[in-house]
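> this is a predicted model, with the sequence first.
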Amino acid sequence: MVWSCDLSCVLNRQWPKRKISFSSHTVMSHTAPGQQRRPTQTPTFQWLSFAHQGLSEIPYSAILAQSDSLEVLDLSYNLLDEYPFNDLDRLSTLILDCNIYTSHIKFPFMPSLTMLCINKNKINNLPVFVEEIRRKFPNIKILSMMNNEAAPSYFNGGSLTQYNDYRQYVVSQIPGLEILDDTEVLEKERAQARKTYRIQQGGKGTSADKPEVRGVGRQIVQSRVRAALREPERYVKRDVN
């Protein structure tokens, strides 16, 4: 099933116990005394989901038909291993969880993208993958890549030392990152990353770097982590064959 709607509709369908509202509504703009106030419309987020479809190829035509307004694209729980799109200029959030993407995936240059979820894939070479993310998504703020071999953690048997080293490397190479996996990047951690690894130059940011989108990103990552902890057999141990 394919559907698109505003963000509150999507979040409430996926996590019905956690009601989140981002529907469009009218607000009154600020005006000087004596001037007439005009209503303005707050934006909605256009979301398109192809999750749990068993896809081995990306449905290009259906996605490109929404390219002018699409901001959130969910291709999770499929059999995908490539992402060749380069015409989604408004896309800010990309969800690729539980596919078969490897460290050598090639993305198009997408300065609009601020959030990438690519949990439970086949990523095993951290430097190669992080370099691709750093170059192609210069304004990324939220990256979640849990339960990949390249991201050692309690999900896949990694030690605390391995987990800390992984985080420091990613933060050092993508210094604009605000959330990595399920945890916010703190200044103390960022400072340690600078000492441990050569830090890259961060992007300057664009109009796509919206605080409301980042807030939604935090909720998406945190909700998926909580779901994984409640039902590990569904998320952590699910094989994609």
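Ah, there it is.

> name the SS class of the nearest residue to Ile100 once chain neighbours are set aside, please.
Distances taken as Cβ to Cβ, 6 or more residues apart in numbering place Asp81 nearest to Ile100, at 4.9 Å, with adjacent residues excluded. No exception for glycine: its C-beta is placed from N, CA and C like everyone else's. Of the three states, Asp81 takes coil under DSSP: H, G, I helix; E, B strand; the rest coil.

> now do the contacts for Asp81.
Residues in contact with Asp81 (Cβ atoms under 8 Å, 6 or more residues apart in numbering) are Asn99, Ile100, Tyr101, Thr102, Ile105.

> now Glu189
Taking Cβ under 8 Å, 6+ apart, we find Glu189 in contact with Arg167, Gln168, Val171.

> show me where pLDDT drops low in the chain?
Where the chain drops to pLDDT under 70, the residues are 1-45, 199-241.

> how about the helices in it?
For the chain, the helices defined by DSSP state H cover 7-14, 60-64, 126-136, 160-173, 187-196, 211-230, 232-235.

> tell me how far Leu94 lies from Gly158.
Separation of Leu94 from Gly158 (Cβ to Cβ, to the nearest Å) stands at 25 Å.

> which one's more surrounded, these two?
Leu94 (23 against 17; other Cβ atoms under 10 Å).

> from Glu131, how far off is the more buried one?
For Leu94, the distance to Glu131 (Cβ to Cβ) stands at 18 Å.

> over to Gln66?
30 Å.

> who has more neighbours out of these two?
Gln66 (18 against 15).

> phi first, then psi, for the more buried one.
phi -110, psi 10 (degrees, to the nearest 10).

> wait, it touches Leu48, no?
Yes: the criterion here is Cβ atoms under 8 Å, and Gln66 meets it with Leu48 at 5.5 Å.

> what number of residues lie near the closest residue to Asn99 other than its chain neighbours?
Of all residues beyond its chain neighbours, the one nearest Asn99 is Leu80 (4.4 Å), with distances taken as Cβ to Cβ, 6+ apart. If you count neighbours by other Cβ under 10 Å, Leu80 ends up with 22.

> so Leu80 sits against Asp97, correct?
No: counting by Cβ under 8 Å, Leu80 does not reach Asp97; the two are 10.7 Å apart.

> now neighbour count and distance to Glu57 too, for the contacts of Asp81, in a markdown table please.
Formatted as a markdown table, the contacts of Asp81 follow (neighbours: other Cβ atoms under 10 Å; distance: Cβ to Cβ, whole Å):
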| residue | neighbour count | distance to Glu57 |
| --- | --- | --- |
| Asn99 | 24 | 12 |
| Ile100 | 16 | 13 |
| Tyr101 | 22 | 14 |
| Thr102 | 17 | 17 |
| Ile105 | 22 | 15 |
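
> tell me the one of these nearest Asn124?
Asn124 has its nearest neighbour among these in Thr102, at 7.4 Å by Cβ to Cβ.
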